[in-house]
Every structure is written in structure tokens, then in C-alpha cells.
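K.L.:
requesting a structural model of the entry that follows:
(chains A and B)
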Amino acid sequence: MRRVLLLSPETLPYTRWVEALRRKRYAVEIFSTIEEAGEKVLFNLPDLLLVAEALKPDLVHDLVFALKCDLSLATLPVILIIEPEKLHHIQWQNYFVDDFLCEGASEEEVVSRVELAFVRSERLADNNPLTGLPGNTSILRKIEEVIRSEESWAVGYVDLDNFKPFNDAYGFSRGDEVIRMLARILVTTVDLYAGPRGFVGHIGGDDFVFVVPLEVAEKMSREIIQKFDQLIINFVDPEDRERGCLVTTDRQGVLCRMPWPSVSIAIVPVWKDRFHHYGEVAAIAAQLKHYVKRVPGSIYLVDRRK
Amino acid sequence: MLDDKRREVKKKLRTLEGLPTLPPIVAKLTRMIGDETVSAPQIAAVIEKDQVLTSKVLRLVNSAFYGFPRRISTVSNAIVLLGFNVIRTLVITASIFEMMQSRDVGLWEHSLGVAMVSGLLARRLGLDQPEEVATAGLLHDLGKVVERATLLEEYRNIQQMVNEREIPWREAEAEILHMDHAEMGGYLLNRWNLPERLIEPVSFHHEVHRARNFPVETAVVQMADLLVRARGFGFAGDPWVPEPEEKTLKLVPLSREDLSALWPELEVRFYELRFFTEEIREALSAKSAST
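P.N.:
Predicted structure coming up:
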């Protein structure tokens, strides 16, 4: 059964909405304070969230932001309930909700919106199932957007060195954990440096892309590297940690010592009229990668050509 | 043996929601979070001083949603992965102890002291991740917070028994709850998917001989616990200082000379902690005076 969480006063018409949704076989819970709901939402994520903006506008905004951005829950449908007279004040580009309902909407409308939200989130299946991050279609769209932008941006291509031996030594499920860990570091660090202007996408496997304003790219890359190197230790077995390396077999079946994964970042600066399409950015990134890969350990490299 | 009391307590633990935090800590963090000049590491440093918030942050990052259970054992690593906005939401929505007793502050001070000494001893012994041992020290009495928050009747009975019969808190717990705070804390951390490296020191800080995988870390927490009690920093529920186990003395060899060399450094750190705990105490008494 799909879990719907309604954050609104426990009064009419909301109590009617709950009844109508329950008749449609949704498991519905209602909370009348954001403070009370916040912890429950985080520890036990619902499948859909309906939030009344009027409860506490700042807190509602923070909660939605924490869920949709920080947790990369792009597929969690969030519907904002809003007073009709406030509609023209809302800046939708800063809000990260998927739809809205006006206070006083009819029960039929509420049920339809909820059903539509679920259908829509299934249709937008570009997100990577492992990390929840936007996939190739969204990445392509984002890069084309910055190519045409008036401002200067950095497109960062991120991947792991020595990921395969790690997977071989510990199994793919531990490998998946490391991918998720890298995804989380990228999301939180990009958010810290660029806020809602930043973007993180997951190409697949251990390949990621981020987009941030050019001036923060280097400092941010150093921080990503430092955080990754600090956290990867938690995913290495104590014996190997002591030994300082992984022991695994290479393609010829010979035992060899391998370092644990490190992160490399190739940064392509994008300013107005430098590129005309996506492929040119990717080509430069591929050249940078070639150099970066030959250096052991975590590293970033910026394309300095004009 | 069937034991209904243990079963009842465990059921309470399984359905446990929202452990409360000391109100001044939540107020301080809320203020810091609203201030744009305050950085994430500064906020981490305050969260690391509260056993309830620390356990919440670790519980969230080790939950199934993130997909790496039992990996993350320190607040600073958790914040890197959770992000500022999630931490903010956790803090803003944290529940607080509505009725405060000076005992609650005493237990919190005790835990803070044990965290500090555990970290220091771990560093002395050259352990791999001293920060993690400090976290285990901070969480070692989480079971007592649970007793105070959700088993209030039993908590009062234990308290009364400790005072009247002059027995250690653990003994009273065994009689009334049929389990002790160490087992309760360990049980919770395990349910919350926290790393084994934290669970063992919490579960066995009174029984180091039972720790299988992390005996040194466990012994460090035991030693820290009794050093803090002996120093008289905070209040752990009873005024007695237990003997260290044989095994602890082997794993954390501290001679009289070592101790007198270590003590000045410890005193400096106790002194620093006192600044923080005094601030929290003052905020509390200001609040109770105004209401």
C-alpha cells in the first residue's frame, strides 16, 4: 500500500481529503506540525508528501529542500497546498515541488492529483536506481543549458580509480555502497558550494557529472577528494586497512596488491561561446581523464586551455 | 527461561520513537543553524556533545535508505554524507525533555566526560580511529537516557532503590528491569544498524571480557567511565566508582606514573568541557526561572 503523508491542520477539509484518499486504498497519515513530522519523515520516508505551505512557510520550504535536494529523492512526489492568493508570489524554481493544490480543493481533485503524481514519477524514469540521481537525458539537457548560458560554469567528470579490484575483492554489493557514498558526497558538497544552482548527475557505474559556477569548482573538488579519502576507509576491511592495500587476483590470475579506490575529477570550464554542443565538452573531459588516470591517488585536473 | 519483564522492555525499545534532547542544546543548535557564518564542522562539534542527537544522526546515515548500513561511526563523517539541510531538519524537529531534572544534565555531563577521556586514551594507545572510540564513550549510557525517557516508573524505582539500599545503578536495574542500561543501549544501536565498533563498547562497558571483536575499544570506554566517576565530573546515577576488570588493566595498561603524567592533560580538557556544560546549565536555570 502506498504511504501518503499529509502535513496540514487536522481540520476540515483536510480530514475529508484523508478519508477520500483512504477510500482509494492509500495509507494516509496526517500531521499538524512540521516539527513533529520532520523526524518521522526522515526515518520513514513516505511515497508521497502533501504539505500545506501555510503551516510554517520557512520550515515547509526547508523540509522539502532537505528531502528533494539533499536526499536526491527526485522521484518522491511532493504536492504543495497553497492559498490561492499566494500563487503569484511563489518562486517555483526555488521550491522543488512537483505540483500544487489550492486550499479548499475538492476531494475528487485531491485524489486525481495524487494519482497523477504517482503516474508521472514513474514516467520520469531517467533517475539512476542505485543513487536516485538524474541520468543521461537530464545530464545532456543540463550541459546544453550551461553551454548557452551567459555565465561561466565548470562541468566536472568524476570517476573512481581501482574500483574494479575493490569490487572483485569485496563483491559488488560493497561496490554499490561506495558508489552511493560518492554520490552522497557529491550531492552534499555541490549543495554547499552552489546551492540550487548546482547539479549532480549519474552517468552509470562509477561515472558522475557535476555542474557548478566556475569560481567554486577547484575548491569544491579539493573538498570532494578530501571527504572521499576520509570516508573510503570505512568500506575497507580492518585487515586490509592494516596492510594498507587490497589483495586480489589480476586478469592473469596472479595475486597482486592494489590500492583502494580513489577519486579523479576532470574539470572542463564552460564560458559563453566556448562550445557549441555537448560532444565537445565530453571530448575535452576524455582528454583530461587520460592524464588524470595516470596519476596515482585522488586528484583533479582543470582544462586551462583558452 | 521465559522472562516477561525483559520481553516487555525490549518491546518498548523496538517501538521507541524520538528520544528527547536537553532543551538548551537544541536551542543552541537552532541558533547556530540560523546563522550563516557558522560552518558545518562547528555544528558537528556541538552535535558530538549530545548522546541523543549523535545517536539520531548515526541512525539516519546507517539506515537502509542510504544503502551503507553499519559503516559510519562518527558525526563528522555522517554530516558529510547527510548534508546540511538534513541535519538542520533533524535538529529543528528534535524533541526535547519537557521536564528537566538536574540528574539529566548530570548524566549528559558524565557521558561528555567519558567521550573526551575515551578519545584521549584511544589516541594514547595509538588506536586506529580515536574519534570513533570517543563516540562509543559518548553513547555508552544511552540506555539510561531511554530509562529516563520511556520507562519513567521503573527509572524512579531504580533511583529509589539506589538511594535506599546504597547499591550500584546496574544492580537495581537488574532487579527491576531484568537487564541493564548497557544491554539496552547495545540492543538499540544494533537495531539502528550502527557499526559493530560502537555496539560492542556500549554493550560491554561493564563486561569487557565479553567483547569479542573490539575488546581494546571496550576496555578504553570502561577505563574512561571510572576515571570520569573518580574525577567527579557529572553524575552517572550512583556515586560509586567500580573496580576495573583484570582484562581492562591488561588492555589499557595505566600505571600510577602513566596516570600522573596523563592527569594534567585530562584536567585541561575537563576545564574546557566545563565551559560548555556551565553554559548549558545556565541556559537551563534561566529557563526554569522564567517559567
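
K.L.:
number of nearby residues for the closest residue to A:Arg197 other than its chain neighbours?
P.N.:
Nearest residue to A:Arg197, sequence neighbours excluded (CB to CB, 6 or more residues apart in numbering or on different chains): A:Pro213, at 6.4 Å. Where you see a C-beta, it was placed from the backbone N, CA and C, and this is true even at glycine. Residue crowding around A:Pro213 was assessed by other CB atoms under 10 Å in any protein chain shown; the count is 17.

K.L.:
my read: A:Phe163 touches A:Gly175, true?
P.N.:
Yes: the pair formed by A:Phe163 and A:Gly175 meets the contact definition of CB atoms under 8 Å, at 6.8 Å.

K.L.:
tell me the phi and psi of the closest residue in space to A:Thr131 that isn't next to it in sequence?
P.N.:
Closest residue to A:Thr131 apart from its sequence neighbours, by CB to CB, 6+ apart: A:Ala183 at 4.0 Å. Backbone torsions for A:Ala183, taken as degrees, to the nearest 10, come to phi -60, psi -40.

K.L.:
confidence score at B:Asp128?
P.N.:
In this prediction, B:Asp128 carries a pLDDT score of 86.

K.L.:
how would you label it: helix, strand or coil?
P.N.:
The three-state assignment at B:Asp128 reads coil, by DSSP: H, G, I helix; E, B strand; the rest coil.

K.L.:
so how many other residues sit close to A:Leu140?
P.N.:
A:Leu140 - counted by other CB under 10 Å - has 15 other residues nearby.

K.L.:
next up, the contacts around it.
P.N.:
Taking CB atoms under 8 Å, 6 or more residues apart in numbering or on different chains, we find A:Leu140 in contact with A:Tyr278.

K.L.:
now do the SS call for it.
P.N.:
helix.

K.L.:
for the closest residue to chain A within chain B, give me phi and psi.
P.N.:
The shortest separation between chain B and chain A is 2.9 Å, found at B:Thr93 (distances taken as CB to the nearest CB). Dihedral pair for B:Thr93: phi -100, psi 10, per degrees, to the nearest 10.

K.L.:
residue contacts, it?
P.N.:
Contacts of B:Thr93 were listed using CB under 8 Å, 6+ apart, and they are A:34-39, A:42.

K.L.:
if we can go back for a sec, and the residue nearest to A:Arg197, bridged to which residues?
P.N.:
In this structure, A:Pro213 has the following beta-bridge partners (DSSP bridges): A:Trp153.

K.L.:
quick one: it from chain B, how far?
P.N.:
Noted for A:Pro213: a distance of 18 Å to chain B, by CB to the nearest CB, to the nearest Å.

K.L.:
what about stretch A:63-70, average pLDDT?
P.N.:
On average, stretch A:63-70 scores 84.

K.L.:
can you tell me the SS state at A:Val200?
P.N.:
Here A:Val200 is strand, with the state taken from three-state DSSP.

K.L.:
need the three-state assignment for A:Tyr157.
P.N.:
Following three-state DSSP, the label given to A:Tyr157 is strand.

K.L.:
check which residues of the host helix or strand of B:Leu112 are buried.
P.N.:
B:Leu112 is part of helix B:102-124, with elements assigned from DSSP states H and E. Buried residues in helix B:102-124, counted by 16 or more other CB atoms under 10 Å in any protein chain shown: B:104-122.

K.L.:
who does it touch, helix- and strand-wise?
P.N.:
For helix B:102-124, the packing partners by 3 or more CB pairs under 8 Å, 6 or more residues apart in numbering or on different chains; DSSP states H and E come out as helix B:130-139, helix B:142-150, helix B:215-231, helix B:256-290.

K.L.:
looking at those helices, which is buried most?
P.N.:
Compared across the helices and strands packed on helix B:102-124, helix B:130-139 shows the largest average neighbour count, a mean of 27 (mean count of other CB atoms under 10 Å in any protein chain shown).

K.L.:
of the helices and strands packed on helix B:102-124, which is nearest A:Cys245?
P.N.:
helix B:130-139 (21.9 Å; CB to CB).

K.L.:
tell me how far the residue nearest to A:Thr131 lies from A:Val263.
P.N.:
The span separating A:Ala183 from A:Val263 equals 12 Å under the rule CB to CB, to the nearest Å.

K.L.:
go on, A:Lys68?
P.N.:
Distance from A:Lys68 to A:Val263, by CB to CB: 25 Å.

K.L.:
more neighbours, these two?
P.N.:
Comparing A:Lys68 with A:Val263 by other CB under 10 Å, the one with more neighbours is A:Val263, at 26 against 21.
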